[in-house]
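>>> just a sequence and a predicted model for now, questions to come.
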Amino acid sequence: MEIPKEPSRSFQVIKTAPLGWFTLTFLVLPTGGSHPPSSSPNPSYHTNRLPPNLLPWRWWIPPSMLFYDGAVRQQTPSEETLVGGVVARGGGGWKGVNITVDVAGKDGDPETRGTTVVTQKGWERLYDLPIPAGQGGGSADGNAGRSLVWKGTMQAIRQIRSEDGAKTHPRFGPCNGNLKLVEAENPEQILAIWENRTDWTVLGNLLIYGDFEGRDLEMVILSCMGVVCCERITGRGVWGGIFKR
């Protein structure tokens, strides 16, 4: 398993209340990374106010999410600051789920817009993330399409914690919602890692190792949020992936 020594970008996701039973907002805050000065700066996002899932037919999927620029929630969100949206459909991680990720684009430029659908493979913690051709946004692969996969993992968390000399955080426990992003054709190369947290304030940390820019970066962040929220609503991340690397 190939994991670079330092992520190119890193983010922490803050929640204002437990997901599912209370109205809440997510904040996606940059925490550093080694990306070169010539690349775009780390973005920060906030979501709309998400309603609680109190209706029985909504228990297994998270509410639709809209992401806006900036770390401070606006009283009246503006279309000019809209980054994109995430809509989940299906069984919320037990019977399969489809997550539509829409990137709104910048200043009405159609070249900065894009849509993809994250599809769960069977009942496992495997989620295909296709990035269609033409949605490159400056990454090394240019405008070529990419086939990525979010996968449940334990070993990736242990590896990065052992390499930086720190003990594994007790709340990053094995099979507790951790994820890794890999190329479908090269699953040993890690492109991103989601470190799950179970406290009241921090949802988790997103460590990005791939050279994602523009729409690619936005799709990775938004797709991760969609997958994580689906697994949190159902507890899927706690029980799945025991034997996953």
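Alright, I've got the coordinates.

>>> just the helices in this structure please.
155-163, 214-234, 236-239 (DSSP state H).

>>> out of those, which is closest to Thr116?
Between Thr116 and the helices of the chain, the tightest spacing by Cβ to Cβ is seen for helix 214-234, at 5.9 Å. Using the backbone N, CA and C atoms, a C-beta is placed for each residue, glycine as well.

>>> list the contacts for Ala192?
Listed by Cβ atoms under 8 Å, 6 or more residues apart in numbering, the contact partners of Ala192 are 180-181, 206-210, 220, 224.

>>> so what's Leu126 closest to, chain neighbours aside?
Of all residues not flanking Leu126 in the chain, Lys151 sits nearest, at 5.6 Å (Cβ to Cβ, 6 or more residues apart in numbering).

>>> now Pro41
In space, Pro41 is closest to Pro30, 7.9 Å off (Cβ to Cβ, 6+ apart).

>>> tell me where the model's unsure across the chain.
Judged by pLDDT under 70, the chain has its weakly predicted residues at 20-21, 36-38, 53-59, 73-77, 91-95, 107-111, 134-144, 161-175, 236-245.

>>> for it, what spans make up the strands?
Per DSSP state E, the chain carries strands over the ranges 9-15, 26-32, 45-47, 65-69, 82-90, 97-103, 114-120, 126-131, 146-152, 179-183, 186-196, 202-208.

>>> what's the closest of those strands to Gly235?
Using Cβ to Cβ, the nearest of those to Gly235 is strand 186-196, at 11.9 Å.

>>> from Leu179, how far off is the residue nearest to Glu2 when sequence neighbours are not counted?
Closest residue to Glu2 apart from its sequence neighbours, by Cβ to Cβ, 6+ apart: Gln189 at 4.8 Å. Going from Gln189 to Leu179 by Cβ to Cβ, to the nearest Å gives 15 Å.

>>> and if you look at Leu50?
Applying Cβ to Cβ, the value for Leu50 to Leu179 is 20 Å.

>>> who has more neighbours, these two?
Neighbours were counted for Leu50 and for Leu179 using other Cβ atoms under 10 Å; Leu179 has more, 27 against 22.

>>> which residues sit in contact with the more buried one?
125, 150-153, 193-194, 196, 224, 227-228, 237.

>>> identify, from those, the entry nearest to Pro7.
Out of the contacts of Leu179, the member with the shortest distance to Pro7 (by Cβ to Cβ) is Ile193, at 7.9 Å.
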